[in-house]
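> show me the folded form of this:
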Amino acid sequence: MSDALSATLAALADPTRRGMLARLTHGDATPTELAAPYAMSLAAISKHLKVLETAGLISRGRNSQYRPCHLEAAPLKDLSTWVGEYRRFWENNLDQLDAYLAELQTADTSTPKN
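Predicted coordinates:
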């Protein structure tokens, strides 16, 4: 992936990785702790962590044998900004639809019935 947003989206495409990030919102965790809810090998968990780390979504510390993973939220902020542009687009379209429906409703109540 050539850009950070693409790497973030690719990393978030997998539900296991999204679950790991959700867990990390509660604080740092070891790979073993992150693996606990999943029926997969530690090697598979390690591959998921590598994807998250490459995307800049986590960092890994070193303290003797304790190697905690830490959430790095900056790429999520960039993603939120990008998605926010589309939110404004949809809000504008829904506002226009609201105005149109109100106009139809007004026209319907002002038209005499036979």
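> rest of the way, CA atoms for contacts and neighbours
Noted.
> now the longest helix along the chain, how far from the centre of its chain.
Scanning the chain for the longest helix, with DSSP state H as the assignment, gives helix 74-110. Taking C-alpha atoms, centre = their mean, to the nearest Å, one finds the center of helix 74-110 at 21 Å from the center of the full chain.
> quick check: buried residues in that helix?
Residues of helix 74-110 classed as buried by neighbour count (16 or more other C-alpha atoms under 10 Å): P75, L76, L79.
> E53: which of these is nearest?
P75 (11.2 Å; C-alpha to C-alpha).
> wait, that closest one touches E53, no?
No. Applying C-alpha atoms under 8 Å as the test, P75 and E53 come out as separate, 11.2 Å apart.
> which one of the buried residues of helix 74-110 sits closest to R23?
Of all the buried residues of helix 74-110, L76 has the smallest distance to R23: 14.9 Å, by C-alpha to C-alpha.
> show me what contacts that closest one?
L76 is in contact with T8, L57, counting by C-alpha atoms under 8 Å, 6 or more residues apart in numbering.
> quick check: it vs N63, distance?
For L76, the distance to N63 (C-alpha to C-alpha, to the nearest Å) stands at 27 Å.
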